[in-house]
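In: Quick one, fold the following:
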Amino acid sequence: MSDASPVLWWVRRDLRLSDNPALGVACGSGRPVIPVFIHDAQIASLGAASKWRMGQGIEAFGRALSARNSRLILRRGEALEVLRKLITETGAGAVVWTRAYDPDGVARDKAVKAALKADGIEVRSVPGFLLFEPWTVETGQGEFYKVYTPFWKTVRTRNVPEPTPAPGMIPRPDHWPDSDEIGRLRMGAAMRRGAAVVARHAVIGEEAAQGRLGAFAAHRIADYKDRRDFPAAYATSGLSENLTYGEISARACWHAGLRAMDEGKPGAEHFLKELVWREFAWHLMWHSPYIATRNWREGWDAFPWSQDGASPEATAWKRGRTGIPLVDAGMRQMYVTGTMHNRARMIVASYLTKHLMTHWKIGMKWFEDHLIDWDAASNAMGWQWVAGSGPDAAPYFRIFNPETQAEKFDPDGAYRRAWIAEGRDRPTETALSYFEAVPACWGLSPDAPYPAPVVAVDAGRKRALAAYETRPA
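Out: Got it, this is the predicted structure:
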C-alpha cells in the first residue's frame, strides 16, 4: 500500500481502536483511511438481540472515531457491491478487514477478495479476532484437535504478541463519502420492548470493555476458579459480550491474565483456559464448519430428539416457565440482561436436550436470537457439548440435575430469587423486569402462580437414559 489513494477499512467485529491489526495496516500505509460498516445479508440475518447489540456497538464506535477526527461510514447492501461503489466514489485503491472464520463469512470474504483483486484493487485480510489462527494449531500427526485438553496444552506456552496501542491519528480523506444513519438501519427493530430492558445491563464500547477487564483483573480474577460456577456471585469477567463485537481484543485479555498469573493470583490460569475454550470453538468451526448445522459425532442423526420447537415442553422452556426454578432463572436472566451465566447455560441446555428430549438445534437457535454475547462457534460447540453429540462432549448419560446443581451452586437461592417473581411477596427488580422484557402476547404476570414442572427431574432423566440405551446404532 504505497500510493496516495484512500484505504477502505471494512469494519466488522473489530469495534476498537487499540490492538486492531486491520486499522494498523490501514494507518501504516500513510494513506487516508475511510472506515466503513456494511449492513449486508449476514448482518441482516443476525438474531434480534445480537443485531441490536451490534447496532449499539456501531453507534458507540462511530462516536469514538469522531473523537479522533475520523468518522464511520454506514452503508446497506451486498458487500461487494457496496465496496465497489465506495471505491468509485472515493478513488480508494485498497481494502483491508479483520479475518472471519465462520463458513458464511469465509465464503463471502473469498468472493469479495477475488473480485476486488480482479478489479485491480489491493486487498488484505488480517488476523485480529482470535489469539491463534486455526490452521496453525495441529496435532503431531498434522490434524486438528478434537479434544480441548491437548489443545490447551499445545497453545498455553505459545507466544502471543503484546496488544498494540491505538494509533495516534487516523489519516482522513479530503472528502468523505455519504453515510447512512444508524437509525435507518433499524438494527434494534426486532427487539421491540425488550431493548429498553436489556440496555440497562449492556456494557457497550471499547472504553467500557477496557474498564470491565481492568476491574476484573484487579478485584475478581484471583477467586475466578473457585467462584465462577456460582451464578449469583459477581465472579466472572463478563467480557464475552465485548469479545463478540471486538470491543476488546483476545490478546488484551490474554496478557491481563498473564500479568495476574505473574502477580500470583490463583484464578488467572483458569481465566486463560476459558479464553482458550473460545479459541477451541473457533478452531473446530474452521476445520468442521458443519458443527452449527448437524451432529458433529457420527451415529447421532437417528437419536429420537423432538424437532418441534413449538411443543408445549419447548415453549415452556423458551418462556422460562418449566417449573424448574434454576432452569427458569437462567432463561429469565437472558431476557433481562441479554446474557446468561455459563453454569446456567449448561443446566438449561441439558434440561432441554435431555429431560425434554428436544433437539439441540432448537436451543441453539433460541440462544442466537436472545443473547447479546452470541458467538457462532461457542454457541454451536456448547450446545453439542451438552447434548452429547459434539466434540469433547459430555457423555449423554451425564445429565445435569437442576435440583442438585441448585443445592451446590445456588445453596441460599439467591440466583433463583433474583430472577423468579411468582409466589414471592417482594420480588426483586430483576425478577419483575422479566415481565417487562418478554412479548406482551405471552400474557405473563408476576401475580400468576409459579408453574408445576413440565417434566419432573427424575422422570426426565429416566426417559433420557432409556432413549440413549435404545437409540439406533
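In: Name the residues of the lowest-mean-pLDDT helix or strand in the chain that are buried.
Out: When each helix and strand of the chain is scored by mean pLDDT, DSSP states H and E, helix 457-469 comes last, with a mean of 92. For helix 457-469, a neighbour-count test (16 or more other Cβ atoms under 10 Å) marks 457, 460, 461, 464, 468 as buried. Backbone N, C-alpha and C define where each C-beta goes, glycine included.
In: Read off the pLDDT value for the residue lying closest to the first one once chain neighbours are set aside.
Out: Meaning residue 457. Leaving aside its sequence neighbours, residue 457 sits nearest to residue 403 (Cβ to Cβ, 6 or more residues apart in numbering; 5.4 Å). Turning to residue 403, the model gives it a pLDDT of 97.
In: And the one 4 residues further on, by the same measure?
Out: On pLDDT, residue 407 comes in at 98.
In: Break the protein down into its structural domains.
Out: 1-128, 130-162+194-287, 312-469 (automatic domain parsing).
In: Report the separation between residue 225 and residue 303.
Out: 34 Å (Cβ to Cβ, to the nearest Å).
In: same thing with residue 169?
Out: 57 Å.
In: Which one's more surrounded, the two?
Out: Shown here are residue 169 and residue 303; by other Cβ atoms under 10 Å, residue 303 has more neighbours (18 against 11).
In: sec struct for the more buried one, please.
Out: For residue 303, the assignment made with DSSP: H, G, I helix; E, B strand; the rest coil gives coil.
In: list the contacts for it?
Out: By Cβ atoms under 8 Å, 6 or more residues apart in numbering, the residues touching residue 303 are 295, 389, 467, 471, 472.
In: Now do the end-to-end distance for stretch 7-23.
Out: 10 Å (Cα to Cα, to the nearest Å).
In: right, I mislabeled it, should have said stretch 69-81
Out: Span of stretch 69-81 from end to end, Cα to Cα: 27 Å.
In: Go through it and flag the buried ones.
Out: So, applying 16+ other Cβ under 10 Å, buried residues of stretch 69-81: 70, 71, 72, 73, 74, 75, 79, 80.
In: Return the distance of the least confident helix or strand of the chain from the chain's centre.
Out: Remark: helix 457-469 is offset 31 Å from the chain centroid, using Cα atoms, centre = their mean, to the nearest Å.
In: swap in stretch 436-454?
Out: Relative to its chain's centre, stretch 436-454 lies at 27 Å (Cα atoms, centre = their mean).
In: Quick check: residue 346 vs residue 229, distance?
Out: Distance of residue 346 to residue 229, computed by Cβ to Cβ: 10 Å.
In: cool, residue 166 as well?
Out: When residue 166 is compared with residue 229 (using Cβ to Cβ), they lie 36 Å apart.
In: do the same with residue 120
Out: Distance from residue 120 to residue 229, counting by Cβ to Cβ: 55 Å.
In: what about these two, which has more around it?
Out: When residue 120 and residue 229 are compared for neighbours, residue 229 comes out ahead with 18 against 8, by other Cβ under 10 Å.
In: returning to that earlier point: of the buried residues of stretch 69-81, which is the nearest to residue 52?
Out: Nearest to residue 52 among the buried residues of stretch 69-81: residue 74, at 15.7 Å, using Cβ to Cβ.
In: Give me the spatial nearest neighbour of that closest one, chain neighbours excluded.
Out: residue 180 is the one closest to residue 74 (Cβ to Cβ, 6+ apart), at 4.3 Å.
In: What's the per-residue pLDDT of the one you found here?
Out: 98.
In: Let's verify it: helix, strand, or coil?
Out: Quick answer, by three-state DSSP: residue 180 is coil.
In: okay, now it: neighbour count?
Out: Other residues near residue 180 come to 14 when the count uses other Cβ under 10 Å.
In: I'd assumed residue 82 was in contact with it.
Out: No: Residue 180 lies out of contact with residue 82 (Cβ atoms under 8 Å); the separation is 10.4 Å.
In: Please enumerate the shared neighbours of those two.
Out: Contacts common to residue 180 and residue 82, judged by Cβ under 8 Å, 6+ apart, are 75, 76.
In: Distance check, residue 455 against residue 422.
Out: As judged by Cβ to Cβ, residue 455 and residue 422 stand 19 Å apart.
In: got the contact list for residue 117?
Out: Contacts of residue 117 (Cβ under 8 Å, 6+ apart): residue 123.
In: at 10 Å what do you get?
Out: 95, 123 (Cβ atoms under 10 Å, 6 or more residues apart in numbering).
In: Pull out the buried positions in the strand or helix carrying it.
Out: Taking DSSP states H and E as the definition, residue 117 sits inside helix 103-118. Judged by neighbour count (16+ other Cβ under 10 Å), helix 103-118 contains these buried residues: 103, 106, 108, 109, 112, 113, 115, 116.
In: Serialize those residues to TSV and add fields for distance to residue 326 and pLDDT.
Out: Rendered in TSV, the data for those read as follows (distance: Cβ to Cβ, whole Å; pLDDT from 0 to 100):
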residue	distance to residue 326	pLDDT
103	34	97
106	38	98
108	40	98
109	41	98
112	45	98
113	47	98
115	51	98
116	51	98
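In: Let me have the buried residues of helix 457-469 in JSON lines, adding distance to residue 142 as columns.
Out: Conversion of the buried residues of helix 457-469 to JSON lines gives the following (distance: Cβ to Cβ, whole Å):
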{"residue": "457", "distance to residue 142": "45"}
{"residue": "460", "distance to residue 142": "43"}
{"residue": "461", "distance to residue 142": "41"}
{"residue": "464", "distance to residue 142": "38"}
{"residue": "468", "distance to residue 142": "34"}
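In: residue ranges with poor pLDDT in the stretch 1-150 of the chain?
Out: Residue ranges of the stretch 1-150 of the chain with pLDDT under 70: 1-2.
In: sorry, back to before: most widely separated two among the contacts of residue 303?
Out: 295 and 467 (14.9 Å).
In: just to revisit the earlier point, more crowded one of residue 455 and residue 422?
Out: Counted by other Cβ under 10 Å, residue 455 and residue 422 do not tie: residue 455 has more neighbours, with 21 against 18.
In: can you pull the contacts of the more buried one?
Out: Counted by Cβ under 10 Å, 6+ apart, residue 455 has contacts 313, 316-317, 322-324, 351, 354-357, 461, 463-464.
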